[in-house]
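In: starting from these lines, generate the structure:
(one chain, ligands or ions: 1)
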Amino acid sequence: MISLLDYGAGNVRSLRNAIAQLGFELTDIRRPADILAAEYLIFPGVGAFGAAMQRLNALGYTEPLKAYLAADRPFLGICIGLQTLFEGSDESPGVPGLGLIQGQVRRFPESSLAVPHMGWNGLRLQRDSALLAGLDQQRFYFVHSYHAEASPENADWVLAETDYGGAFVSAVQRGRIAAVQFHPEKSGESGLELLRRFLGGGLDQQAGQTPLPELARHPAEGSPVASAHAGPPAQSSYHGVAASTGQDGPPPTQLAKRVIACLDVRSNDAGDLVVTKGDQYDVRESGGEVRNLGKPVELARRYYEEGADEITFLNITAFRDFPLSDQPMLEVLRRTSEKVFVPLTIGGGIRAFTDAEGHAYSALDVAGEYFRSGADKISIGSDAVSTVEAVRARGAGDGSSAIEQIARVYGNQAVVISVDPRRVYVQSPDETARRVIETATPGPNGERYCWFQCTIKGGREGRDVDAVELARVCEQLGAGEILLNSIDRDGTGSGFDLELIQAVRSAVSIPVIASSGAGRPAHFSEVFERTGAEAALAAGIFHRREVPIAAVKARMRADGIPVRD
Ligand code: 1PR
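Out: Here you go, the predicted structure:
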């Protein structure tokens, strides 16, 4: 019996779907006694360290869980499920963890690297493992701001390390107990393979010393990777210092730049939900009908199979309707998450709402429904602009905004801010109180300066908020990522707005997704080489099959940019 320790704090739908996809049945832990009855126990911890421990304690799960672990029974912890095995975390000072593994969970230090560590990174195996043998040549999806630290006291647990600034513990294992910092259920085929090995008794086999399969050779090195059968364990990296970059060790791992496929979705005039795509946000043909570029679930599956690192759905007319009445959109999410095992973001209409019967719904209610339907992240557009206006008027956040509420419950990494800016040109910086940039793309009357004005309702209304200010304030309120569109570049195929992207990226320390204007593979390399963007998103060129995702990645690889294969 495979049991899931889900204490209801976040989206575990994708994990359920991944296990179903592998042909296994899952039961839920509903009472403390169920833990000791489990044959395989999976703990996909979600939310903050302290909140996770508090839930385990409140539900009476802590002691049976400790007993289960002490008996060396098959266990797989994921993300916070790894961190809670340690003694404590900077995230929740004073809250004891399960204490199975000696050591602390630390916050990533301030640096030029974005936090959260979000995206696809590699593994450096520290020793033999049936769970990960050969998979260390793949990348897995991480999303976290805190990481477990290796130390001499926990060296016998550390199975893999990953580099981001310094090295951190990305997988642990002893006997039948294993845990990973990344999300196998969001890591495509490699993640499914890891789950398959765990559920197929991989750790039992290892405990019984079944020989491991011969390891493939590392493509870059031409020599066996330091893991199963590869001689002495690789050096460990104590105190956060990447130690395995020496002559003989495997090279440091690298976070890949992400390539994201975006599906703008709305109802067409016949009432069917379609993927559409505009030019500078105008999605209608000259005859007036909404452009139809395909069906959302089918296209999302296609992009998953073609190697998209993430999929984003934007419900582009949700600002005028109540999104929870939009059952087809929720159904799209449910069906997509059954077969697509990379992160899914959904945006559109995330705000507080009162329906025709007078029932009030908070933005958290709306977001919760999206998470339960399979979303990993939600994106907030118009409401973020109103929030920044209110914060500016008040001088500070008051905890009531959608951004703050959703980040508090689901974590910062789950909140993306979708920005829809348009350039406002001026002849001279003196013409406006706004901070302007000198632009290499002058305005229609030769203006050499501009600022980036935020809009709401899909570009229909300009507001007195600058995109740089918006990004900065939203980060302070708890947003975890910025999706940076450009109305000027949308659908033009003329390349990303590098000036806009660099202006925003240099103002925040959370990841930025460059969006709008991709026309050919070189545009992706350009945006990664010339700005600090962590990801790049495109829509039209993928929908119209003008550029395959594989061609984008091949170009990036040729240009020396780290990509997920
Ligand atoms: O304001 O919280 O309800 O969210 C609405 C969401 O819908 C926002 O994220 C907003 O960006 C989006 N949206 C609203 N209207 C449109 C429209 O096109 N008429 N789409 C729209 C925005 C922009 C990108 C697009 C890229 C890449 N689409 O997502 O996919 O520009 O396109 P390209 O590669 O073809 O150039 P709320």
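In: what does the protein have sitting close to the ligand?
Out: Contacts of the chain with the ligand, taken as CB under 6 Å from any ligand atom, map to 262, 264, 277-278, 281, 283, 314, 316, 318-319, 347-350, 379-383, 418, 420, 458, 485, 490-491, 515-518, 538-540. Backbone N, C-alpha and C define where each C-beta goes, glycine included.
In: three-state assignment of the residue of the stretch 51-200 of the chain found nearest the ligand?
Out: Going by CB to the nearest ligand atom, the ligand is nearest to M118 of the stretch 51-200 of the chain, at 18.4 Å. Counting by DSSP: H, G, I helix; E, B strand; the rest coil, the backbone at M118 sits in strand.
In: what pLDDT does the one residue in the stretch 251-400 of the chain that gets nearest to the ligand get?
Out: Going by CB to the nearest ligand atom, the ligand is nearest to G381 of the stretch 251-400 of the chain, at 2.8 Å. Here the pLDDT value assigned to G381 is 97.
In: list phi and psi for the closest residue to the residue of the stretch 51-200 of the chain closest to the ligand other than its chain neighbours.
Out: Nearest residue to M118 in three dimensions, chain neighbours excluded: V143, at 4.7 Å (CB to CB, 6 or more residues apart in numbering). Main-chain dihedrals, V143, degrees, to the nearest 10: phi -160, psi 110.
In: contacting residues around V143?
Out: 79, 116-119, 183, 343, 413 (CB atoms under 8 Å, 6 or more residues apart in numbering).
In: ditto for C262
Out: Applying CB under 8 Å, 6+ apart, the residues contacting C262 are 311-314, 515, 537-539.
In: if we can go back for a sec, in strands, which of the residues of the chain next to the ligand appear?
Out: Counted as lying in strands by DSSP state E, out of those, are 262, 264, 314, 347, 379-380, 418, 515, 538.
In: farthest-separated two in the residues you listed?
Out: I380 and A538 (21.3 Å; CB to CB).
In: one step back: which one (most neighbours) among the contacts of C262?
Out: S515 (29 neighbours; other CB atoms under 10 Å).
In: just the pLDDT for that residue.
Out: 98.
In: F108 now?
Out: So, for F108, pLDDT stands at 95.
In: list the contacts for the residue nearest to it when sequence neighbours are not counted?
Out: Residue nearest to F108 in three dimensions, not counting chain neighbours: V115, with 4.8 Å by CB to CB, 6+ apart. By CB under 8 Å, 6+ apart, the residues touching V115 are 107-108, 145, 509-510.
In: next, give phi and psi for V115.
Out: Dihedral angles (degrees, to the nearest 10) for V115: phi -130, psi 130.
In: so what's I80 closest to, chain neighbours aside?
Out: Nearest to I80 is G45, by CB to CB, 6+ apart, at 2.8 Å.
In: residues touching that neighbour, list them.
Out: Contacts of G45 by CB under 8 Å, 6+ apart are 52, 77-84.
In: where along the stretch 201-350 of the chain do the helices fall?
Out: Per DSSP state H, counting those that start in this stretch, the stretch 201-350 of the chain carries helices over the ranges 202-207, 296-305, 327-339.
In: can you add mean neighbour count, mean pLDDT and distance to R392 and give the ones you listed back as CSV?
Out: Below are the helices of the stretch 201-350 of the chain laid out as CSV (neighbours: other CB atoms under 10 Å; pLDDT from 0 to 100; distance: least, CB to CB, whole Å):
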stretch, mean neighbour count, mean pLDDT, distance to R392
helix 202-207, 19, 68, 54
helix 296-305, 20, 98, 36
helix 327-339, 19, 90, 32
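In: turn those helices into CSV, including distance to D128.
Out: Listed next are those as CSV, based on distance: least, CB to CB, whole Å:
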stretch, distance to D128
helix 202-207, 8
helix 296-305, 32
helix 327-339, 33
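In: out of those, which is closest to L131?
Out: helix 202-207 (5.4 Å).
In: residues near G358, how many?
Out: Count around G358 with other CB under 10 Å applied: 6.
In: with Q104 instead?
Out: The burial count for Q104: 16, using other CB under 10 Å.
In: which residues pair with the residue nearest to I80 across the strands?
Out: Each beta-bridge partner of G45 is listed here, defined by DSSP bridges: C79.
In: tell me the SS of V504?
Out: Secondary structure assignment for V504 (three-state DSSP): helix.
In: looks like it contacts P511 (just checking).
Out: No - using CB atoms under 8 Å, V504 is not in contact with P511, being 11.2 Å away.
In: spit out the residues that contact these two alike.
Out: I482.
In: poorly predicted segments of the stretch 351-500 of the chain, please.
Out: Residues of the stretch 351-500 of the chain meeting the criterion pLDDT under 70: none.
In: just the helices from it, written as ranges.
Out: 363-372, 382-394, 402-410, 467-477, 498-505.
In: about what we covered before: contact partners for the nearest residue to the residue of the stretch 251-400 of the chain closest to the ligand once chain neighbours are set aside?
Out: Leaving aside its chain neighbours, G381 sits nearest to S418 (4.3 Å; criterion: CB to CB, 6+ apart). With contacts defined as CB under 8 Å, 6+ apart, the neighbours of S418 are 314, 347, 379-381, 384, 483, 485.
In: if we can go back for a sec, of the helices of the stretch 351-500 of the chain, which is nearest P250?
Out: helix 498-505 (30.1 Å).
In: I'd like to know how many residues surround D464.
Out: 12.
In: phi and psi next, for the closest residue to N121 other than its chain neighbours.
Out: Leaving aside its chain neighbours, N121 sits nearest to L255 (4.7 Å; criterion: CB to CB, 6+ apart). Backbone torsions for L255, taken as degrees, to the nearest 10, come to phi -70, psi 130.
In: report pLDDT for L255.
Out: 98.
In: cool, and the one 10 residues further on?
Out: What the model reports for V265 is a pLDDT of 94.
In: from here on, call the first residue 827.
Out: Sounds good: first residue 827 from here, last item V1091.
In: burial check on it, number of neighbours?
Out: That count, for V1091 with other CB under 10 Å as the rule, works out to 25.
In: same check, this time on V1252
Out: Neighbour number of V1252 under other CB under 10 Å is 16.
In: quick one: distance of stretch 878-890 to the chain centre.
Out: Mean-position distance between stretch 878-890 and its chain equals 27 Å (CA atoms, centre = their mean, to the nearest Å).
In: now swap in stretch 873-889 and tell me
Out: 24 Å.
In: mind listing what's buried in it?
Out: Within stretch 873-889, the residues scored as buried using 16 or more other CB atoms under 10 Å are 873-879, 881-882, 885, 887-888.
In: mind checking the SS state of the nearest residue to S1332 once chain neighbours are set aside?
Out: In this structure, S1332 finds its nearest non-sequential neighbour in G1358, 6.9 Å apart by CB to CB, 6+ apart. The assignment at G1358 comes out as coil when based on three-state DSSP.
In: isn't G1358 up against V1338?
Out: Yes - using CB under 8 Å, G1358 is in contact with V1338, at 7.2 Å.
In: counting neighbours, go ahead and name the busier of the two.
Out: More crowded of G1358 and V1338, by other CB under 10 Å: V1338, with 26 against 18.
In: and that one, what is it in contact with?
Out: Here V1338 is in contact with 940, 1297, 1307-1308, 1310, 1327, 1330-1331, 1357-1361 (CB under 8 Å, 6+ apart).
In: which residues sit in contact with K1379?
Out: Going by CB under 8 Å, 6+ apart, the list of residues near K1379 reads 1085, 1133, 1389-1391.
In: and those as CSV, adding pLDDT and distance to S1254?
Out: CSV is the format used below for the contacts of K1379 (pLDDT from 0 to 100; distance: CB to CB, whole Å):
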residue, pLDDT, distance to S1254
V1085, 98, 39
G1133, 98, 46
V1389, 98, 42
R1390, 97, 45
D1391, 92, 49
